[in-house]
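**Student:** Output the structure for:
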Amino acid sequence: MIAFKGTNRMAGALGTCCMLLALSFSSSASALPKAGLGDASTPDSVCQGGYVHEITGLVSIQRAGTKAIPAKAGDVFEKDTTLRTGPDEEAILKFADGQTVALGADSALRIVRYCYLANKLGQSGTSMELIKGQMRVVAGLIGVSNPRNLHIAAGDSMVGIQKTGGADFIVAVNPDPQESGYAVVQSGELSVRTPYGTILRIAAGQYVPWQPGRATPRPIPFAASPAVVQASLAELLACVLPGNSPVTVASAALTAGMLAAASQVDLAASDNTRLAGYVKAVTNTVIMQTRTGSTATANAGSTFEAGTSFNTGSDGRTVLKLADGQVLVLGPDSVLKLAQYQFNPAKVKASKLTVELVNGAMRFITGSIQTENRDGIGISAGASIIDIVNAGPADFTVVVDTRSQEVGVARVALGEISVHTPYGPIDRIGADQSDLWGPGKAPPMPVASALALVQAAVALQLAELPDTSPVAVASAAAATAAVAQANQAQAVASADQNNARLAAEAKAAMELADQAARDAAAADEAVAAKIIAAELEALPPTAAGPALGQAPAAAPLASSIPAVPVVTPGAGGGGAPACTGSPC
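**Tutor:** Residues are numbered from 1 along each chain as shown. Take a look at the predicted model:
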């Protein structure tokens with residue numbers, strides 16, 4: 001998450017340093033070296049570029065030969081692309097080699113040319129120009145190992161990294177009416193060739209300004225810089241940037257876009273009233289069909305609304321998690337419809353759901369709605385109606401075959417249910433119990449049919465599932481998708497352990513998954529806080545009085561479900577991923 005604000009104060013900070021004659025944008029752009037960016041014969045089509053990792057507010061992007069349009073997280077860019085921020089907007093850009101740029105408010109940056117070739121690092125390079133404003137740069141592989149191929153202009157000044165090993169620095173420039181600027185180095189070592197002379201060495205922890213009518217200054221400790229400069233940069237220096245590991249731009253951009261979309265959905269529907277849930281896991285092919293009839297293949301991280309049906313086909317399986325924490329598992333040859341779903345963390349007692357198992361096997365594990373509004377749950381399996389009898393959590397599996405005369409079985413792991421079948425009621429099925437139903441008692445149900453139903457029920461009991469805590473659906477779905485991509489990247493890298501590029505891509509995917517998991521956890525905590533606040537408001541005045549200040553922390557929702565193993569970025573013997581200049 002972008003965590004810097006107030007960078008529009010930069011203009012005042014630069015004003016303190018005076019102003020300088022503005023030279024034209026075209027002159028500074030032409031000053032950027034074209035050579036040294038790799039083999040001139042290398043076609044741009046094989047070069048990876050970068051993507052917009054995160055934005056706040058309205059940021060514009062203008063590609064070569066096109067008009068400026070609003071930018072969004074996940075937008076991919078290549079050479080000759082200009083990004084502009086307004087007085088209160090910021091953007092974080094990430095490049096294929098891992099380089100990261102945090103563009104401050106009221107700033108403009110042009111990517112003149114960029115080319116990253118994972119297998120030809122010496123032929124990789126970048127040229128970019130800060131037209132105005134300020135930016136923080138954390139070098140990637142190009143700047144770390146081959147800094148001579150990293151060309152950065154700030155107005156009419158040229159910034160260079162002096163040593164291999166990377167750098168983390170901020171550069172700011174105000175071109176009107178006469179250029180003034182400054183640089184601050186967090187790590188590494190810089191030089192700056194300004195219109196007024198060259199600053200040969202700016203070491204870590206140092207600050208240096210430049211302005212017209214002044215001799216070339218010597219760097220000073222950043223702590224001794226003007227207070228207005230320190231205030232202007234405080235949040236930019238504190239911003240949390242993504243790790244500087246290389247990425248595959250297309251997949252990283254897709255994840256960034258999903259995370260941004262999740263955040264927007266959570267903001268627009270903070271009460272979780274539109275999205276019902278998301279696909280936690282899927283095996284083979286599972287088809288989702290919306291209430292309007294459109295269909296799509298379910299993937300890990302796919303979200304869905306009330307009215308959605310799922311068809312697992314002959315060999316599909318899926319795990320669904322709903323906003324209130326309820327978990328549904330579908331076995332092969334199953335069709336299920338989430339006919340109705342309404343969940344509001346602030347009004348759990350008014351929430352309700354209706355689930356219809358048309359055919360097949362379903363495991364049903366209750367969430368918050370069962371805890372607060374047991375009467376709001378409706379469950380059917382074929383023509384049979386299932387009621388949860390107990391007040392606490394429940395975990396049961398039901399299998400029904402409706403292809404001729406209905407036959408079914410219910411198996412309870414936790415809690416207690418009753419089943420109203422077409423052949424009469426089954427008043428009680430308790431924990432660790434099972435019961436069958438079918439047409440008539442004499443002759444009994446065929447043994448083969450009964451055995452198949454029971455086997456299907458037992459198979460679903462063996463599944464490892466997520467916990468039953470409520471979630472912010474969109475962010476949880478995005479985290480699930482990011483983990484799935486990280487798992488896939490890790491599997492590909494493990495199959496070719498000598499491939500450095502695949503290893504770097506797997507590491508970057510794991511970092512994205514880790515960030516997505518942190519964002520989802522924060523969003524889930526906000527949902528839980530709403531539930532707790534609603535519960536406290538519902539307490540009688542005497543109970544909600546002075547004792548509230550001494551109330552113990554809320555216990556997690558009870559669950560007997562084991563957690564699903566997930567990718568833990570940084571694990572596997574390698575330690576935490578390396579990060580330059582900002583928290584990982």
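
**Student:** What's the per-residue pLDDT of Ala29 here?
**Tutor:** Listed pLDDT for Ala29 reads 41.

**Student:** my guess is Val173 contacts Met158, does it?
**Tutor:** No. Val173 is beyond contact range of Met158, at 11.4 Å (criterion: Cβ atoms under 8 Å). C-beta: built from backbone N, CA, C; applies to glycine.

**Student:** what about those two, which has more around it?
**Tutor:** The residue with more neighbours, out of Val173 and Met158, is Val173; 29 against 19, by other Cβ atoms under 10 Å.

**Student:** With only the CA atoms kept, save the host helix or strand of the more buried one in CSV.
**Tutor:** Per DSSP states H and E, Val173 falls inside strand 168-174. Extracted in CSV, the C-alpha atoms of strand 168-174 (Å, rounded to 0.1, in the frame of the first residue of the first chain):
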residue,chain,number,x,y,z
ASP,A,168,18.1,3.8,-3.2
PHE,A,169,17.8,7.5,-3.7
ILE,A,170,15.4,10.4,-4.2
VAL,A,171,15.8,13.1,-6.8
ALA,A,172,13.6,16.2,-7.2
VAL,A,173,13.5,18.9,-9.8
ASN,A,174,11.5,22.1,-10.5
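
**Student:** Which elements pack onto that strand?
**Tutor:** Judged by 3 or more Cβ pairs under 8 Å, 6 or more residues apart in numbering; DSSP states H and E, strand 168-174 is in contact with helix 10-16, strand 125-138, strand 150-154, strand 157-161, strand 180-187, helix 227-238.

**Student:** Just put those in CSV and tack on mean pLDDT and distance to Ala204.
**Tutor:** Below are the helices and strands packed on strand 168-174 laid out as CSV (pLDDT from 0 to 100; distance: least, Cβ to Cβ, whole Å):
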stretch, mean pLDDT, distance to Ala204
helix 10-16, 44, 21
strand 125-138, 94, 13
strand 150-154, 94, 17
strand 157-161, 94, 12
strand 180-187, 94, 5
helix 227-238, 81, 13
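
**Student:** need these in JSON lines with distance to Pro87, can you?
**Tutor:** JSON lines is the format used below for the helices and strands packed on strand 168-174 (distance: least, Cβ to Cβ, whole Å):
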{"stretch": "helix 10-16", "distance to Pro87": "9"}
{"stretch": "strand 125-138", "distance to Pro87": "10"}
{"stretch": "strand 150-154", "distance to Pro87": "20"}
{"stretch": "strand 157-161", "distance to Pro87": "24"}
{"stretch": "strand 180-187", "distance to Pro87": "19"}
{"stretch": "helix 227-238", "distance to Pro87": "13"}
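
**Student:** shouldn't Pro195 be in contact with Asp156?
**Tutor:** Yes. The criterion here is Cβ under 8 Å, and Pro195 meets it with Asp156 at 5.1 Å.

**Student:** So for those two, which residue has more residues nearby?
**Tutor:** Remark: of Pro195 and Asp156, Asp156 carries more neighbours, 23 against 16, as counted by other Cβ under 10 Å.

**Student:** Look up phi and psi at that one.
**Tutor:** Torsion angles at Asp156 (phi, psi; degrees, to the nearest 10) stand at phi -100, psi 20.

**Student:** could you measure it against Gly181, distance?
**Tutor:** Taking Cβ to Cβ, to the nearest Å as the measure, Asp156 falls 9 Å from Gly181.

**Student:** so what sits against both of the two?
**Tutor:** Residues within reach of Asp156 and of Gly181 at once, by Cβ atoms under 8 Å, 6 or more residues apart in numbering, are Thr194.

**Student:** Bridge partners for Ala154, pull those for me.
**Tutor:** Counting by DSSP bridges, Ala154 is bridged to Leu130, Ser157.

**Student:** just checking, it touches Leu130?
**Tutor:** Yes. Judged on Cβ under 8 Å, Ala154 makes contact with Leu130 at a distance of 4.4 Å.

**Student:** Identify the contacts common to those two.
**Tutor:** 171-173.

**Student:** May I have the secondary structure class of Ala482?
**Tutor:** Secondary structure state of Ala482, per DSSP: H, G, I helix; E, B strand; the rest coil, is helix.

**Student:** Was I right to think it contacts Arg518?
**Tutor:** No. Ala482 is beyond contact range of Arg518, at 10.8 Å (criterion: Cβ under 8 Å).

**Student:** which one of the two has more residues nearby?
**Tutor:** The neighbour comparison of Ala482 against Arg518 (other Cβ under 10 Å) goes to Ala482, with 32 against 13.

**Student:** Contacts only, for Val355.
**Tutor:** Going by Cβ under 8 Å, 6+ apart, Val355 touches 328, 336-339, 362, 364, 378-380.
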